[in-house]
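Participant: Fold the following for me, if possible:
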Amino acid sequence: MLNTTINLYKNAYAGLPRKMWLLSLVMLINRSGTMVLAFMTLYCHHIGYSMQQGGWVVAIYGIGSLAGAFAGGKISDRFGFYHTQFLSLLCGGILFMILGQMQSYTAICICTFFLSMVNEAFRPANATAIAYYSTSQNRTQSFSLVRLAINLGWGIGSGLGGLLASINYHLLFWVDGCTNILAAFLLLAILPKITLVQQKQLQESKQKKSSTLDISSAYKDKPFLVFLGLQVLFATCFFQLFTTVPLYFKESLQLNEFLIGTVMGMNGFLIALVEMVIVFKLEGRRPYLILMSYGTLIMAFSFLLLNIPFAHGFIIALVFMFFITISEMTAMPFMNSYYIARSTAGNRGQYAALYTMAWSLAQVIGSSSGTQIVQAAGFFNLWCLVAAISFIGAAGYRYLYKQNVKRHFSAT
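Facilitator: Below you'll find the predicted structure:
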């Protein structure tokens, strides 16, 4: 039994390029300091602003993310993913430190907007980098390895963030900024410089060997646009994890900052422990869209668990985090592979930008509406609504899969 388990883990990590491991190390360092966003609503409440004002700050982060994702995709296609990643990490780190010094609500909102715009420009470039360093055979594994590093860092950052917040909230901004800057220079130190010409040459050679769809523009790819709409539904629900869920843990379940950080950190550690194995077992056995449907159904169940009235608060928080993490591991690794498979060397940044923008739009919607619904109708009704939206999203993924199957057979 032990040997079988060991071999399973070996196979799950086998065949990944060295550069993917180095890129993942950069992400681990960066995300080990990720703590500001998870505690932003609590931070705003701590310095005297209302729950709704805290929710709007996170929503403004999402608005900035929209602009950053669009710009990041354009810049990545124009100047290359390598320099785009470096500048985003470096400038984002500086802006985290500046944000921690802001006191007025207006200054916090303005600084948050520019921080998110710079910070989220990283994502399309990073997705393009992963596609560059990986092959079609190990692409989902490669995305999952980076997600593993991100979530392991998230686990470290959330746990450390809870401890730092219990001491002084301003420490969160300094640590987040320093790890961003450290990751930027680590990227230069351990990954060879890739020019735009090199980037396009290798991607075009891969393109000739693959079966990627020949679509000139992401804006003309109708199944992809429907997919983006479903992503907005999925992510609007998922982003409650960073806004209303911490507030619920504190106000309704009576957990302190340290316990909130511990529970939030469980998400990252669980992903780091088992996601690669889950991806290895599921890859190729079910269509990507069907796996997304399963994951979205599990997310609906997770939020309904928060309405159980008779359990201990800390236990409910742990059970919720376990199931929403299972949901995340079942759906999210395959979302990246789905859209990357539809892109080409010349428009990959465009696809990645639109994908990132869908998540950013969901962050705006989820962050602004979630706190408003809590204020007007309470947490119970919010969790019921989130579950209902998740059920609709799950049905949508399954419908899109059936439409793709019909389109494939009608074309043959």
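
Participant: can you tell me which residues contact residue 243?
Facilitator: When contacts are counted by CB atoms under 8 Å, 6 or more residues apart in numbering, residue 243 touches 41, 54-55, 58, 366-367, 370-371. Bear in mind the C-beta positions are built from the backbone N, C-alpha and C, glycine included.

Participant: hmm, who's touching stretch 6-17?
Facilitator: 133-134, 137-138, 141-142, 145, 276-277, 279-280.

Participant: Spatially, which two of the residues you listed are the most separated?
Facilitator: Farthest pair in the contacts of stretch 6-17 (CB to CB) is 133 and 277. Separation: 21.5 Å.

Participant: Among the contacts of residue 243, which ones are in helices?
Facilitator: In helices, defined here by DSSP state H, the members of these are 41, 54-55, 58, 366-367, 370-371.

Participant: thinking residue 179 is in contact with residue 35, fair?
Facilitator: No. Between residue 179 and residue 35 there is no contact under CB atoms under 8 Å: 9.4 Å.

Participant: More neighbours: which of the two?
Facilitator: Per other CB atoms under 10 Å, whichever of residue 179 and residue 35 has more neighbours is residue 35, with 31 against 25.

Participant: And stretch 57-64, how far out from the chain middle?
Facilitator: 15 Å (CA atoms, centre = their mean, to the nearest Å).

Participant: again with stretch 162-179
Facilitator: For stretch 162-179, the distance to the chain centre is 21 Å (CA atoms, centre = their mean).

Participant: Just the mean pLDDT for it, thanks.
Facilitator: In this model, stretch 162-179 has a mean pLDDT of 86.

Participant: can you tell me the distance between the two ends of that stretch?
Facilitator: With CA to CA, to the nearest Å as the measure, stretch 162-179 spans 17 Å from end to end.

Participant: in it, what counts as buried?
Facilitator: Neighbour counts over stretch 162-179 (16 or more other CB atoms under 10 Å) mark 162, 164-165, 169, 171-173, 175-177, 179 as buried.

Participant: Okay, and which of the residues you listed map to helices?
Facilitator: Secondary structure from DSSP H places 162, 164-165, 171-173, 175-177, 179 of the buried residues of stretch 162-179 in helices.

Participant: before we move on, back to that, and of the contacts of stretch 6-17, the nearest to residue 24?
Facilitator: Distance to residue 24, by CB to CB, is smallest for residue 145 among those, at 5.1 Å.

Participant: residue contacts, the closest residue to that closest one other than its chain neighbours?
Facilitator: Sequence neighbours aside, residue 24 is the residue nearest to residue 145 in space, at 5.1 Å (criterion: CB to CB, 6 or more residues apart in numbering). By CB under 8 Å, 6+ apart, the contact list for residue 24 reads 145-146, 148-149.

Participant: Could you tell me which of these are located in helices?
Facilitator: Within the contacts of residue 24, residues falling in helices by DSSP H are 145-146, 148-149.

Participant: how close does the residue lying closest to residue 363 once chain neighbours are set aside get to residue 223?
Facilitator: Nearest non-adjacent residue to residue 363, counting by CB to CB, 6+ apart: residue 62, 3.1 Å away. According to CB to CB, to the nearest Å, residue 62 and residue 223 sit 25 Å apart.

Participant: Give me the more crowded residue out of these two.
Facilitator: residue 62 (24 against 17).

Participant: if I read this right, that one contacts residue 116, doesn't it?
Facilitator: Yes. Counting by CB under 8 Å, residue 116 is a contact partner of residue 62 at 7.2 Å.

Participant: Can you name the next helix or strand after the helix or strand of the chain with the lowest mean pLDDT?
Facilitator: Least confident helix or strand, the chain: helix 196-209 with a mean of 64, by mean pLDDT, DSSP states H and E. Note on helix 196-209: by DSSP states H and E, the next helix or strand toward the C-terminus is helix 222-238.

Participant: what does the helix or strand just after that following helix rub up against?
Facilitator: Using DSSP H and E, the helix or strand that directly follows helix 222-238 along the chain is helix 244-251. Outside helix 244-251, the residues that touch it by CB under 8 Å, 6+ apart are 38-39, 41-42, 45, 51, 54-55, 255-257, 259-260, 263-264, 306, 313, 317, 320, 370-371, 374, 379, 382.
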